[in-house]
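Enquirer: okay, predicted coordinates and the sequence, questions at the end:
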Protein chains: 2
Amino acid sequence: MTETAQTIHDMLQRLELFSSCSDDFLTKISSAAHLTTKPKGHMLFIHEDQADYFYLVKSGWVKIFRETLDGDQAIVDIFTNGHILGETSIFQDDIYPYSAETVEPSELVQLPLSMLKDEIETNPKFAMAMLSSMARYRKQQDQELEHRTLQNAPQRIGCFLLRLTDQSQSGGPVRIHLPYDKTLVASRLGMQPETFSRALKKLKQETGIEVKGSTIETDSLDRLVRYSCAACTSEFPCKDLETESG
Amino acid sequence: MTETAQTIHDMLQRLELFSSCSDDFLTKISSAAHLTTKPKGHMLFIHEDQADYFYLVKSGWVKIFRETLDGDQAIVDIFTNGHILGETSIFQDDIYPYSAETVEPSELVQLPLSMLKDEIETNPKFAMAMLSSMARYRKQQDQELEHRTLQNAPQRIGCFLLRLTDQSQSGGPVRIHLPYDKTLVASRLGMQPETFSRALKKLKQETGIEVKGSTIETDSLDRLVRYSCAACTSEFPCKDLETESG
């Protein structure tokens, strides 16, 4: 195995999704994979194109989105390291269900979908892992939908910030770095930039957080949790944060 | 096989999800199933309870939802005949991912989850069918999220109405019956009742539809399509309407 293939093999091995796969399979798919570095703004694939590859994010950020007839963009999600994307194409006639574009310089592993399909068809444990991963992601999406209905805009920003923190740490001051620029955070949350600005201001008043550029500081997460999580159907800490699938 | 078991067997056989299952399996699971009739307002199962059964709706309407700490209810979806619910519990430690309650008198088939799990583990084609079904549902959810961002309230009602019609019929006058009361339609769309009323009024002005109680009439779907589908990332007719999973 080449050094790159070994790196990819080790990355895959660390993902829960691939924990039921044999070393043989991981070696085979890693050897067929490519590791690439892409600048910000690179299109990985386009909605409804023929799908031959899925991707694993090694570093950086990739947005997945669709476009309306009116030309508006709907961001489905934004993924970072450890997340895979494009893999559900194999259940949808090998057609990408969304477009994917880097929003920061990113390192990506490109892997053949055909091998993933073979593994699902021959390894029932892997099929089950794939189903679990999809069920987890589905619950996240349900929650996102709920938040659009039940949380106000400041609460949604609070929720977004809380999901960026290490939720296992209790008490004490916390510093949160926005992973990408505020305009993109607004789009990710389905808000107009002006709504986002007003909502962030309100969140500061309600929870005492301090915003310095793309850094948010607070003495403790408590007020943020009390303010945002009251309008959520799950409890803090969020149980779903270990999901990998995209 | 009893007459009831035969009825259930025939219902399952008609679902795309079960098309790869052997007749043996369908007979076995149908014989272990129960057909029940429940009044409006009956709780089938509760979010985070231990899951032993999944359900197939034979007639009526069932809402699936979660509750926030504040006591608000978030409706995830509302299902009618041919839809199954609770089946994803087997990928989530046998815990129901949502609550389910009838919103109209309903006939339901109760089926053991353990047999479904066995079939996934031993029949790779069924595992694949399950993955396809979840991928389809996921795309629907993505779309729902998009609509909350991109469509205004009248467009969302228009979209809801269009999804109730036989989209294969072209041109000509159409009559649409609301499947359940307007308050519930509003909740399903994540709207306050007042917002719903205002939005329905606006939709009438924009598209010329006529609203008579729970019946909506229009000379043709064209204006409704032009108005609502412009702010959607898919085209009319909707490709995802054949999904069964819940």
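Expert: Yes, it's here. Residues are numbered from 1 along each chain as shown, chains lettered A, B, ... in the order given.
Enquirer: please enumerate the helices of chain A.
Expert: A:3-14, A:23-31, A:113-122, A:124-150, A:153-162, A:182-188, A:193-207, A:222-228 (DSSP state H).
Enquirer: how about a markdown table for those, with mean pLDDT and mean neighbour count added?
Expert: Quick note: C-beta positions are derived from backbone N, CA and C, even for glycine. Shown next, in a markdown table, are the helices of chain A (pLDDT from 0 to 100; neighbours: other C-beta atoms under 10 Å in any protein chain shown):
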| stretch | mean pLDDT | mean neighbour count |
| --- | --- | --- |
| helix A:3-14 | 96 | 16 |
| helix A:23-31 | 97 | 17 |
| helix A:113-122 | 95 | 16 |
| helix A:124-150 | 89 | 21 |
| helix A:153-162 | 95 | 22 |
| helix A:182-188 | 92 | 18 |
| helix A:193-207 | 96 | 16 |
| helix A:222-228 | 93 | 19 |
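Enquirer: spatially central residue for chain A, please.
Expert: Ranked by distance to the mean C-alpha position of chain A (C-alpha atoms, centre = their mean), the top residue is A:Phe79 at 3.2 Å.
Enquirer: measure that one to chain B for me?
Expert: 14 Å (C-beta to the nearest C-beta, to the nearest Å).
Enquirer: my guess is that residue meets A:Leu85, correct?
Expert: Yes. Counting by C-beta atoms under 8 Å, A:Leu85 is a contact partner of A:Phe79 at 5.9 Å.
Enquirer: is it true that A:Asp142 touches B:Gln141?
Expert: Yes. Counting by C-beta under 8 Å, A:Asp142 touches B:Gln141, with 7.2 Å between them.
Enquirer: coming back round to it: list the contacts for the residue nearest to the centre of chain A?
Expert: A:Val57, A:Trp61, A:Val62, A:Lys63, A:Ile64, A:Leu85, A:Gly246 (C-beta atoms under 8 Å, 6 or more residues apart in numbering or on different chains).
Enquirer: correct me if wrong: the second one contacts A:Val185.
Expert: No. Using C-beta under 8 Å, A:Trp61 and A:Val185 do not qualify as a contacting pair, with a distance of 11.1 Å.
Enquirer: how about A:Pro112: what's its closest non-neighbour residue?
Expert: Among residues not flanking A:Pro112 along the chain, A:Ala32 sits closest, at 5.3 Å (C-beta to C-beta, 6 or more residues apart in numbering or on different chains).
Enquirer: same question for A:Leu200.
Expert: Nearest to A:Leu200 is A:Ile157, by C-beta to C-beta, 6+ apart, at 5.8 Å.
Enquirer: correct me, but A:Met128 touches B:Glu121?
Expert: Yes. The pair A:Met128 / B:Glu121 is scored as a contact, 6.7 Å apart, by C-beta under 8 Å.
Enquirer: who touches both of the two?
Expert: Contacts common to A:Met128 and B:Glu121, judged by C-beta under 8 Å, 6+ apart, are B:Ala127.
Enquirer: just to revisit the earlier point, so among the contacts of A:Phe79, where is pLDDT lowest?
Expert: Least confident by pLDDT among the contacts of A:Phe79: that is A:Gly246, with 45.
Enquirer: who's in contact with A:His147?
Expert: Applying C-beta under 8 Å, 6+ apart, the residues near A:His147 are A:Gln155, A:Arg156, A:Cys159, A:Ala231, A:Cys232.
Enquirer: now flag whichever of the residues you listed is closest to B:Ser106.
Expert: A:Cys232 (29.0 Å; C-beta to C-beta).
Enquirer: the closest one: what's it in contact with?
Expert: By C-beta under 8 Å, 6+ apart, A:Cys232 lies in contact with A:Gln143, A:Glu146, A:His147, A:Leu150, A:Gln151, A:Cys159, B:Thr68, B:Leu69.
Enquirer: quick one: the fifth one and A:Ile157 touch, right?
Expert: What it means is A:Gln151. No. Using C-beta under 8 Å, A:Gln151 is not in contact with A:Ile157; the gap is 9.3 Å.
Enquirer: do I have it right that the residue nearest to A:Pro112 meets A:Leu113?
Expert: No. A:Ala32 is beyond contact range of A:Leu113, at 10.9 Å (criterion: C-beta under 8 Å).
Enquirer: who touches A:Ser220 in this structure?
Expert: Here A:Ser220 is in contact with A:Gly171, A:Gly172, A:Pro173, A:Val174 (criterion: C-beta under 8 Å, 6+ apart).
Enquirer: go again with 10 Å.
Expert: Counting by C-beta atoms under 10 Å, 6 or more residues apart in numbering or on different chains, A:Ser220 touches A:Ser170, A:Gly171, A:Gly172, A:Pro173, A:Val174, A:Gly208.
Enquirer: can you list the contacts of A:Cys232 in TSV and add distance to B:Phe18?
Expert: Formatted as TSV, those follow (distance: C-beta to C-beta, whole Å):
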residue	distance to B:Phe18
A:Gln143	29
A:Glu146	30
A:His147	34
A:Leu150	35
A:Gln151	38
A:Cys159	38
B:Thr68	35
B:Leu69	38
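Enquirer: show me which of those residues is closest to A:Ser132.
Expert: Once C-beta to C-beta is applied, the member of those that ends up nearest A:Ser132 is A:Gln143, at 16.8 Å.
Enquirer: which of the contacts of A:His147 sit farthest apart?
Expert: A:Arg156 and A:Cys232, at 10.1 Å, using C-beta to C-beta across the contacts of A:His147.
Enquirer: nearest residue to A:Lys204 other than its sequence neighbours?
Expert: A:Val211 (6.3 Å).
Enquirer: what pairs with that neighbour across the strands?
Expert: A:Ile216 (DSSP bridges).
Enquirer: okay, it: pLDDT?
Expert: Confidence for A:Val211, expressed as pLDDT, is 94.
Enquirer: walk me through the domains of chain A.
Expert: Chain A breaks down by automatic domain parsing into domains covering A:3-122, A:142-240.
Enquirer: how long is the shortest one end to end?
Expert: Between the opening and closing residues of domain A:142-240 there is a gap of 12 Å (C-alpha to C-alpha, to the nearest Å).
Enquirer: quick revisit: let me have the contacts of A:Ser220 in JSON lines, adding distance to chain B, neighbour count and pLDDT as columns.
Expert: JSON lines is the format used below for those (distance: C-beta to the nearest C-beta, whole Å; neighbours: other C-beta atoms under 10 Å in any protein chain shown; pLDDT from 0 to 100):
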{"residue": "A:Ser170", "distance to chain B": "19", "neighbour count": "9", "pLDDT": "64"}
{"residue": "A:Gly171", "distance to chain B": "21", "neighbour count": "9", "pLDDT": "77"}
{"residue": "A:Gly172", "distance to chain B": "24", "neighbour count": "9", "pLDDT": "86"}
{"residue": "A:Pro173", "distance to chain B": "25", "neighbour count": "9", "pLDDT": "91"}
{"residue": "A:Val174", "distance to chain B": "22", "neighbour count": "19", "pLDDT": "93"}
{"residue": "A:Gly208", "distance to chain B": "21", "neighbour count": "13", "pLDDT": "94"}
